[in-house]
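1. Sharing a model prediction with you, sequence too.
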Amino acid sequence: METPTGPTFRDATDADVDALVALVESAYRGDASRAGWTTEADILDGQRTDPEGVRQVIKTPDSRLLVVEREGRIVACCQLEHRGAHAYFGMFAVSPTVQGAGLGKTVLAEAERQARADWGVTEMHMTVISVRDDLIGWYERRGYRRTGETTPFPYGDERFGIPRRPDLCFELLVKPLV
C-alpha cells in the first residue's frame, strides 16, 4: 500500500528476484530502456544483472536490496552495502515509465537516510561508468563528487554486459552523509 507521502520501501526477498531483474534490465538495457534517460543501450549490450546476482545481494551479510513500490508494483530498487565507515550504493534502477518525476531523488535520499540511521556511516560511495556524463551530473546535483579514482570495466565478463566501446571504466563518486 502506498503512503499518502509517496512510495513504500521494504527489503527484497527471494520472491522479488525475477521482478527486480526485469526492472534493472528495463532501466538500462535494450529498447525498453530508451523510454527513460538512464539507458546504457548505446554503450553496452547484453545483460545488466541476472537472478543469481540479485539473489547474492539479498543474501549477503551487511547488504540490503531496497524495493520501492507504488500501488503494489515494484517501480525502483537500490542496493545498500555496509563497508565500515561508508555504505556502497548500487543496483539503482527506476522503471523507465516513471523516470523524470522525482522518484529517483526520493529513493536516493531514503537510501542515504537508512544507511546513516542503520549503520551510522559518514559517507556514501558508488561507482558510475565514467562516460555517463548525464548520470554523473545528476549525482553531482545531489551532493556527490567525482574522485577521479577509477576501476577497470570487466571486459570479457558478459555478466556485466557486452561493451560497445573500448574506453569504459568505473569512477568512484562520494558524498558525505551529515
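-> Alright, I've got the coordinates.

2. can you tell me which strand in the chain is longest?
-> Using DSSP state E, we find that the single longest strand of the chain is strand 73-83.

3. How about it, which residues are buried there?
-> Of all the residues in strand 73-83, those buried under the rule 16 or more other CB atoms under 10 Å are 74, 75, 76, 77, 78, 79, 80, 81, 82. C-beta here means a position set from N, CA and C on the backbone, and glycine is covered the same way.

4. cool, stretch 102-115 as well?
-> Neighbour-count burial for stretch 102-115, counted by 16+ other CB under 10 Å, picks out 103, 104, 106, 107, 108, 110, 111, 112, 114, 115.

5. And for stretch 116-123?
-> So for stretch 116-123, counting by 16+ other CB under 10 Å, buried means 116, 119, 121, 123.

6. which residues does the last one contact?
-> Same thing as residue 123. Counting by CB atoms under 8 Å, 6 or more residues apart in numbering, residue 123 touches 85, 86, 87, 174, 175, 176, 177.

7. need the residues you listed in TSV with neighbour count, pLDDT and distance to residue 49, can you?
-> Shown next, in TSV, are the contacts of residue 123 (neighbours: other CB atoms under 10 Å; pLDDT from 0 to 100; distance: CB to CB, whole Å):
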residue	neighbour count	pLDDT	distance to residue 49
85	10	94	27
86	19	97	23
87	28	98	19
174	15	98	23
175	19	98	24
176	11	98	29
177	16	96	26
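
8. Can you tell me which of those comes closest to residue 52?
-> Nearest to residue 52 among these, counting by CB to CB, is residue 87 at 23.0 Å.
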